[in-house]
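A.B. asks: 3D, please:
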Amino acid sequence: MPASPCSDIGIRPYEPEDRATVRDVCFRTGLMGERVDWQWADAESFADIWVGWYTDNEPESAWVAVCEDRVVGYLVGCRDTRSGPHLPFVFLRSVVTRALPFRPGTAGFMWRAVADLARDRVVPEATPDLDRWPAHLHIDLLPEACGRGVGRVLMQTWLGVLRAAATPGVHLGTIAENTRAVAFFEAMGFRRLGTPLPVPGERSPTWGRLHAQTMVQDL
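C.D. replies: Numbers count the residues shown, from 1 in each chain. Presented below is the predicted three-dimensional model:
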């Protein structure tokens with residue numbers, strides 16, 4: 001049943017009791033703002049990979065968008081990527097601990113990713129110059145929170161924190177085919193860095209290949 005529209009959405013710092021709902025929003029918006037369960041059905045591993053480190057290790061760099069005490073979006077960040085999550089390690093840990101290559105709902109993704117890597121002969125490198133752009137972020141909103149300036153406020157809050165700390169720059173990764181997200185990030189002052197590279201295993205709802213795009217902003 002669709003959630004009722006929000007009359008007002010507020011932004012506040014992340015709190016420990018938000019953990020479960022942030023993980024749920026992550027899973028419900030995991031593929032360009034839409035549910036990802038049709039190609040990755042294990043919600044726990046998906047949330048572990050994309051938000052688990054941030055809520056558990058750097059909660060002071062996280063904010064949530066709230067409608068009537070219900071989390072409808074979030075931004076999680078890391079001030080210095082060099083001391084933050086190493087995505088390949090986090091991914092591999094989930095693969096092993098959750099037995100993803102043999103689990104219904106993720107096995108197809110895993111073996112498709114292996115085939116893609118063999119065919120593409122390229123591994124996407126999403127980490128830019130960390131001396132110049134050390135901070136990074138992930139942001140997701142439920143559909144009911146989109147188009148209402150919520151993402152802009154979340155981003156402005158994080159960018160303001162980084163500027164106050166004299167952080168030289170920030171980066172993020174998105175999907176090049178997600179043109180709305182790319183346009184939003186460009187409107188927030190980010191620019192594309194490098195050529196989009198194919199993401200192993202991941203597919204669009206029409207089963208087309210998707211490509212990772214790194215974006216950066218000098219502060």
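A.B. asks: Identify the residue nearest the residue nearest to the spatial centre of the chain in space, chain neighbours excluded?
C.D. replies: Nearest residue to the geometric centre of the chain (CA atoms, centre = their mean): H138, 3.9 Å. In space, and not counting its chain neighbours, H138 is closest to V76: 5.2 Å by CB to CB, 6 or more residues apart in numbering. The way it works is simple: take the backbone N, C-alpha and C, and place the C-beta from them, glycine included.
A.B. asks: what's near enough to touch that neighbour?
C.D. replies: Contact analysis of V76 by CB atoms under 8 Å, 6 or more residues apart in numbering lists 14, 22, 51, 54-55, 58, 61-62, 137-139.
A.B. asks: tell me the SS of the residue nearest to the centre of the chain?
C.D. replies: Three-state call for H138 (DSSP: H, G, I helix; E, B strand; the rest coil): strand.
A.B. asks: State the mean pLDDT of stretch 23-37.
C.D. replies: Across stretch 23-37, pLDDT averages out at 95.
A.B. asks: what's in contact with that stretch?
C.D. replies: Contact with stretch 23-37 is made by 39-40, 43-44, 46-47, 50-52, 55, 71-74, 105, 140-143, 146, 175, 177-178, 180-181, 202, 204-205, as judged by CB under 8 Å, 6+ apart.
A.B. asks: Just the buried ones from those residues, in PyMOL syntax?
C.D. replies: Burial among those is assessed by 16 or more other CB atoms under 10 Å; the matching PyMOL selection reads:
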select buried, resi 39+40+43+46+47+50+51+52+55+71+72+73+74+140+141+142+146+175+177+178+181+202
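A.B. asks: just checking, which of the contacts of stretch 23-37 belong to helices?
C.D. replies: 43-44, 46-47, 55, 180-181 (DSSP state H).
A.B. asks: and after the worst-scoring helix or strand of the chain on mean pLDDT, which helix or strand comes next?
C.D. replies: When each helix and strand of the chain is scored by mean pLDDT, DSSP states H and E, helix 87-97 comes last, with a mean of 92. Next along the chain after helix 87-97, taking DSSP states H and E as the criterion, comes helix 107-120.
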